[in-house]
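Undergrad: I would like the atomic coordinates for the input below:
(one chain, ligands or ions: 1)
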Amino acid sequence: MSSTQTPLIVSCPSCKKSLRWTSDNPFRPFCCERCKLIDLGEWADGGHAIPGETLPESADDSEN
Ligand SMILES: [Zn+2]
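TA: Here you go, the predicted model:
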């Protein structure tokens, strides 16, 4: 038997980037600290933030 273990490849929940699930990565299942914070932020906010409504730009045709 070969004792070679292939590292588990997972996708970052935030950016979908493939990364190896190893004890060397303290941010797993995220690829980096930034993605971890982003995901935690979304959880804390209770989901996706609703973007503000875009105000319609009133085209002013007044002559100068
Ligand atoms: Zn990521």
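
Undergrad: from now on I want contacts and neighbour counts done on CA atoms only, so please keep to that.
TA: Noted.

Undergrad: buried ones in the helix or strand bottoming out on mean pLDDT in the chain?
TA: Every helix and strand of the chain was ranked by mean pLDDT, DSSP states H and E. The lowest is helix 33-45, at a mean of 81. Using 16 or more other Cα atoms under 10 Å as the test for burial, helix 33-45 gives C35, K36, D39.

Undergrad: burial count for the residue nearest to C35 when sequence neighbours are not counted?
TA: Sequence neighbours aside, S14 is the residue nearest to C35 in space, at 5.5 Å (criterion: Cα to Cα, 6 or more residues apart in numbering). Around S14 there are 16 other residues, counting by other Cα atoms under 10 Å.

Undergrad: now the least confident helix or strand of the chain - C-alpha only, PDB.
TA: Extracted C-alpha coordinates of helix 33-45, given in PDB (Å, rounded to 0.1, in the frame of the first residue of the first chain):
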ATOM      1  CA  GLU A  33      -8.100  36.200   5.600                       C
ATOM      2  CA  ARG A  34      -9.800  38.600   3.400                       C
ATOM      3  CA  CYS A  35     -12.300  36.100   2.100                       C
ATOM      4  CA  LYS A  36     -12.900  34.900   5.600                       C
ATOM      5  CA  LEU A  37     -13.700  38.400   6.800                       C
ATOM      6  CA  ILE A  38     -16.000  39.000   3.800                       C
ATOM      7  CA  ASP A  39     -18.000  35.900   4.500                       C
ATOM      8  CA  LEU A  40     -18.200  36.700   8.200                       C
ATOM      9  CA  GLY A  41     -19.400  40.200   7.300                       C
ATOM     10  CA  GLU A  42     -22.200  38.800   5.200                       C
ATOM     11  CA  TRP A  43     -23.300  36.500   8.000                       C
ATOM     12  CA  ALA A  44     -23.200  39.300  10.500                       C
ATOM     13  CA  ASP A  45     -25.300  41.500   8.100                       C
END
